[in-house]
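[1] no FASTA, just this:
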């Protein structure tokens, strides 16, 4: 039978059947191909970077499609593979729970984001604020409250007792060093303070609040927030089955520790529990975290922009990740032995979480979100470009400690911006291209670190806004002077060490004053090295205080001995030229070492 003899109605039916069969056979294949492409890209990326982490859990949500990838080992020595029951430390991703809690209480009308936080704190709370300007919850969420940082009390091995959140906050070696709202400096203390306000307003311990208002509604039954996982014995047991490693997969020992300011980074749990939180953040109305759709929309609304631009930087504690859509938000986290990240984009209904048992890992925690969300388009607004040389100079992160002995660490974190042609810059070996005046981007780093924005700081100095913290301009004269003090102190210590060794080997005791002073110089040098070592090895500020007090004794003792040697030099004109030179050099070493102790605040 040919087509010419077929009635028109039958032709229509046949055509419809053929079209239906065609759609059935070919459309799913095309759709599957589109769905499969991102999965293939992820699989290829993981294969390419499988050596960058000891073990990892990766979950990608793309609308209704969920992709799981578990790779590597939780414990390489015992050959325990990463699986669905492997727990990971969240690190600073834990702060999401703080900001969600704040918004829940704001939704209930119990917290006002623009109100002075002193109204929520007990009258006898030992606050770190100092300049008289009100600090608001908005400042805490945007990391603009003005607090500096500390390298003690962050992580502690085997603490003698478990302190309350209030006790930890009051004991923290932190100060407010900038007026609120002027400088962005990432602050663990600020997040911990916000969590304490949640305690005061809700009447619940922060851990209890999170369990009843976040974990239980989301059925996150295999996640602990207690710094020692005492709130979930299953998690505590599983934590013993995973080890932490360096980027070259060397075991970190020990890698079990306590984070006293636990709301800022102590959550531990399985990846699928964090997935539940991610899905709630992607949901249209934020259920069951929030009662009103407006609340979750407000949470994801930009609350801080890069200075002088319309480029969003932070949305109420969530950091913008430069991406193809321009609406990707999330947070990264690092502990001594774990790295993690979570990013969501409500505009495209996509979320990514990465959890690894590798310290300071970035190829997966930053590379995978970049792969999934796409790199941002470079926007050149056709504005006249500026001469990039105006921003050349040395910059130091605003986040570093700015009081006490810890401030010496800032010397080692400084970066130098140099012109690259008329309109480009280089920093840390990366090339930055100018897209508009003050805005520079690089393709040499992950998108999370690709954007640098230069502006004028609060006191008229240059300010570099990059990632989670501003960088402050350091005048070259100050930079040279500070390094010179450290170098001179090192030379003074070496001189005294050599002097003592030579004197002891020759068994000369002709001038005990010289021996005692140089011996003290050696001891104080060793004491400073010990303080620096302890500060970087998970200890408390109270554990270092006796060593800081010893430095004051050195200054007092050296002043007395120095005066004695000066009297000898003045009264005794018969001193041999060589003896006179040794005494003068010893006096100089004592002055250099004592001056450094006072300048860098290596004392109580």
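    Alright, I've got the coordinates. Source: prediction; values computed, not measured. Numbers count the residues shown, from 1 in each chain.
[2] hang on, residue 318 packs against residue 327?
    No - contact criterion CB atoms under 8 Å: residue 318 and residue 327 do not qualify, at 11.1 Å. Bear in mind the C-beta positions are built from the backbone N, C-alpha and C, glycine included.
[3] more neighbours, these two?
    Between residue 318 and residue 327, residue 318 has the larger neighbour count (other CB atoms under 10 Å), namely 23 against 18.
[4] and the residue lying closest to residue 582 once chain neighbours are set aside, what element?
    Among residues not flanking residue 582 along the chain, residue 514 sits closest, at 6.2 Å (CB to CB, 6 or more residues apart in numbering). Using DSSP states H and E, residue 514 falls within helix 512-535.
[5] pull the residues that contact that helix.
    Here helix 512-535 makes contact (CB atoms under 8 Å, 6 or more residues apart in numbering) with 151-152, 405-406, 408, 489, 492-493, 495-497, 499-500, 503, 509, 543-544, 547-548, 550-551, 554, 557-558, 561-562, 564-565, 568, 582-583, 586, 589-590, 593, 597, 602.
[6] swap in stretch 208-216?
    When contacts are defined by CB under 8 Å, 6+ apart, stretch 208-216 is touched by residues 97, 100-101, 104, 198-199, 202, 204, 220-221, 223, 225, 231, 277, 289.
[7] show me which pair in these is furthest apart.
    The most widely separated members of those, counting by CB to CB, are 199 and 221 (23.1 Å).
[8] more neighbours: which of those two?
    residue 199 (20 against 14).
[9] quick one, what contacts residue 269?
    By CB under 8 Å, 6+ apart, the residues touching residue 269 are 87, 88, 90, 220, 222, 223, 224, 235.
[10] buried subset of the contacts of stretch 208-216 as a PyMOL selection?
    Listed next is the PyMOL selection for buried residues among the contacts of stretch 208-216, using 16 or more other CB atoms under 10 Å:
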select buried, resi 97+100+101+104+198+199+202+204+220+223+225+231+277+289
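[11] just the contacts of stretch 208-216 now: which is nearest residue 383?
    Of all the contacts of stretch 208-216, residue 383 sits closest to residue 100, with 38.8 Å by CB to CB.
[12] can you tell me the element that closest one falls in?
    In this structure, residue 100 sits in helix 95-107 according to DSSP H and E.
[13] so what touches the next helix or strand after that helix?
    Per DSSP H and E, the first helix or strand lying C-terminal to helix 95-107 is helix 137-142. Helix 137-142 has contacts (CB under 8 Å, 6+ apart) with 99, 102, 106, 111-115, 117, 145-146, 180-181, 184, 187, 190-191, 193-194, 197, 303-304, 314, 316-317.
[14] ok, now with 6 Å
    99, 113, 114, 145, 180, 190, 194, 303, 304, 314, 316, 317 (CB atoms under 6 Å, 6 or more residues apart in numbering).
[15] give me the mean pLDDT for it.
    Computed over helix 137-142, the mean pLDDT rounds to 98.
[16] same thing with stretch 358-368?
    In this model, stretch 358-368 carries a mean pLDDT of 97.
[17] and it, what's buried?
    For stretch 358-368, a neighbour-count test (16+ other CB under 10 Å) marks 358, 359, 361, 362, 363, 364, 365, 366, 367, 368 as buried.
[18] mind checking which of these land in helices?
    With DSSP state H as the criterion, helices contain 367, 368 from among the buried residues of stretch 358-368.
[19] tell me which two of the buried residues of stretch 358-368 sit farthest apart.
    359 and 368 (17.6 Å).
[20] list the buried residues of stretch 580-587.
    Buried, per 16+ other CB under 10 Å, within stretch 580-587: 582, 583, 585, 586, 587.
[21] re earlier: now, of the contacts of helix 512-535, which are buried?
    151-152, 405-406, 408, 489, 492-493, 495-497, 499-500, 503, 544, 547-548, 550-551, 554, 557-558, 561-562, 565, 582-583, 586, 589-590, 593, 597, 602.
[22] which stretches in the stretch 251-400 of the chain count as strands?
    268-270, 304-305, 312-315, 318-321, 328-334, 339-345, 350-356, 393-397 (DSSP state E, counting those that start in this stretch).
[23] select, out of the ones you listed, the one closest to residue 47.
    strand 350-356 (15.4 Å).
[24] other SSEs contacting the closest one?
    Packing partners of strand 350-356 (3 or more CB pairs under 6 Å, 6 or more residues apart in numbering; DSSP states H and E): strand 55-62, helix 271-282, strand 339-345, helix 367-373.
[25] distance to residue 170 for the ones you listed - can I get that in TSV?
    Below are the helices and strands packed on strand 350-356 laid out as TSV (distance: least, CB to CB, whole Å):
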stretch	distance to residue 170
strand 55-62	37
helix 271-282	30
strand 339-345	29
helix 367-373	37
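[26] can you tell me which of the ones you listed is most buried?
    Among the helices and strands packed on strand 350-356, strand 339-345 has the highest mean neighbour count (mean count of other CB atoms under 10 Å), at a mean of 27.
[27] residues in contact with it?
    By CB under 6 Å, 6+ apart, the residues outside strand 339-345 that reach it are 90-91, 93, 281-282, 321, 325, 327-328, 330, 332-333, 351-356, 358, 361, 365, 369.
[28] now do 7 Å
    88, 90-91, 93, 274, 278, 281-282, 321, 323, 325, 327-333, 351-356, 358-361, 365-366, 369, 373 (CB atoms under 7 Å, 6 or more residues apart in numbering).
[29] who does it pair up with?
    If you go by DSSP bridges, strand 339-345 pairs up with strand 328-334 (antiparallel), strand 350-356 (antiparallel).
[30] tell me the buried residues in the first one?
    If I follow you right, that is strand 328-334. 328, 329, 330, 331, 332, 333, 334.
[31] one step back: restricted to strands, list the buried ones among the contacts of helix 512-535.
    Taking DSSP state E, every one of those sits outside strands.
[32] correct me, but residue 223 touches residue 272?
    No - between residue 223 and residue 272 there is no contact under CB atoms under 7 Å: 9.8 Å.
[33] ok, back up a step: what's the closest of the buried residues of stretch 358-368 to residue 260?
    Distances from residue 260 to the buried residues of stretch 358-368, taken by CB to CB, are shortest for residue 359, at 19.6 Å.
[34] so which helix or strand of the chain has the lowest pLDDT on average?
    Counting by mean pLDDT, DSSP states H and E, the chain has its least confident helix or strand at helix 8-48, which shows a mean of 53.
[35] where are the low-confidence patches of the stretch 251-400 of the chain?
    Applying pLDDT under 70 to the stretch 251-400 of the chain flags the ranges 380-381.
[36] in TSV: the buried residues of stretch 580-587, plus distance to residue 467 and pLDDT.
    Shown next, in TSV, are the buried residues of stretch 580-587 (distance: CB to CB, whole Å; pLDDT from 0 to 100):
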residue	distance to residue 467	pLDDT
582	51	89
583	52	90
585	46	94
586	47	94
587	46	95
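[37] any chance of these in JSON lines, with distance to residue 445 too?
    JSON lines is the format used below for the buried residues of stretch 580-587 (distance: CB to CB, whole Å):
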{"residue": "582", "distance to residue 445": "52"}
{"residue": "583", "distance to residue 445": "54"}
{"residue": "585", "distance to residue 445": "47"}
{"residue": "586", "distance to residue 445": "49"}
{"residue": "587", "distance to residue 445": "49"}
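[38] now, which of those lie within helices?
    582, 583, 585, 586, 587.
[39] please tell me how far the third one sits from residue 246.
    Think residue 585. 43 Å (CB to CB, to the nearest Å).
[40] likewise the second one?
    Using CB to CB, one obtains 48 Å as the distance from residue 583 to residue 246.
[41] on that earlier part again, pick the one among the contacts of residue 269 closest to residue 124.
    residue 224 (31.0 Å).
[42] now for that closest one, how many residues are close by?
    Applying other CB under 10 Å, I find that residue 224 has 25 neighbouring residues.
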